[in-house]
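Peer 1: What follows is a protein structure lacking sequence information:
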Ligand SMILES: CC(C)(COP(=O)(O)OP(=O)(O)OC[C@H]1O[C@@H](n2cnc3c(N)ncnc32)[C@H](O)[C@@H]1OP(=O)(O)O)[C@@H](O)C(=O)NCCC(=O)NCCS
């Protein structure tokens, strides 16, 4: 599989969702069924990287995608040194709700490209509306070292998954 250069908003008329397979059933189900619905009702936005080769029906398979949404965390979930400077009400954060790469493209740097693109997207939103951090909810334990590699820190179990976060200020240092 080869892929285009630009992430674009998921469009069910242009992108073939059913063929996406990252190896994790809940993420496959999300892109196939829920992502478009969630955009329609306005709770998240999904950006996809289409494959170069369209299928017979003209739709392009999805090589990778990320889903972002606004969220919040209790300051108690954050390290004491950060928490003490924050208000006592839930702290606004940006959530990378989902992120996955099709199995056929694993191991070619696309996970990194997708994460950097998602962080860049959120950094640009932060210019207009501030959030304290970017949070991810790791669906599987195996995703943890991937995010840790890029500076995400553990914040305990969140919504049944291991939560990780990176302070927004740190993104400037990552050069996103
Ligand atoms: C996790 C995932 C996004 C990685 O995608 P990928 O395209 O294979 O990753 P890349 O090729 O960009 O790898 C980038 C770096 O991360 C490392 N890496 C990739 N997956 C990793 C993992 N699970 N744990 C630790 N490191 C990992 C690579 O070795 C590489 O390191 P290097 O730059 O030093 O060589 C992909 O395996 C995936 O979609 N998995 C299923 C869904 C999932 O678990 N999503 C996580 C959110 S819930």
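Peer 2: That came through, no problem. Note that the structure is predicted; figures quoted are calculated from it, not measured. Numbers count the residues shown, from 1 in each chain.
Peer 1: any idea where the helices of the protein begin and end?
Peer 2: Here the chain has its helices, by DSSP state H, at 25-29, 35-41, 80-83, 110-126, 144-149, 168-174.
Peer 1: Comparing those helices, which comes out most buried?
Peer 2: Comparing the helices of the chain on average neighbours per residue, with mean count of other CB atoms under 10 Å, the densest one is helix 110-126 at a mean of 18. To be clear about C-beta, it is placed using only N, CA and C from the backbone, and glycine gets the same treatment.
Peer 1: which other residues reach it?
Peer 2: 3, 7, 47, 49, 63-66, 68, 94, 96, 99, 101, 131, 134, 146-147, 150, 166, 168, 171-172, 174, 176 (CB atoms under 8 Å, 6 or more residues apart in numbering).
Peer 1: one more time with 7 Å, if that's ok
Peer 2: Residues outside helix 110-126 that contact it (CB atoms under 7 Å, 6 or more residues apart in numbering) are 7, 47, 49, 63-64, 66, 68, 94, 96, 99, 101, 134, 146, 150, 168, 171, 174, 176.
Peer 1: mean confidence score for stretch 30-42?
Peer 2: The average pLDDT for stretch 30-42 rounds to 98.
Peer 1: how long is it end to end?
Peer 2: Criterion CA to CA, to the nearest Å; first-to-last residue distance in stretch 30-42 is 15 Å.
Peer 1: from here on, count from 861
Peer 2: Okay, using 861 as the starting number, the last item reads as stretch 890-902.
Peer 1: okay, now residue 874: neighbour count?
Peer 2: Residue 874: 14 surrounding residues under other CB atoms under 10 Å.
Peer 1: Can you check the pLDDT for it?
Peer 2: Note on residue 874: pLDDT of 97.
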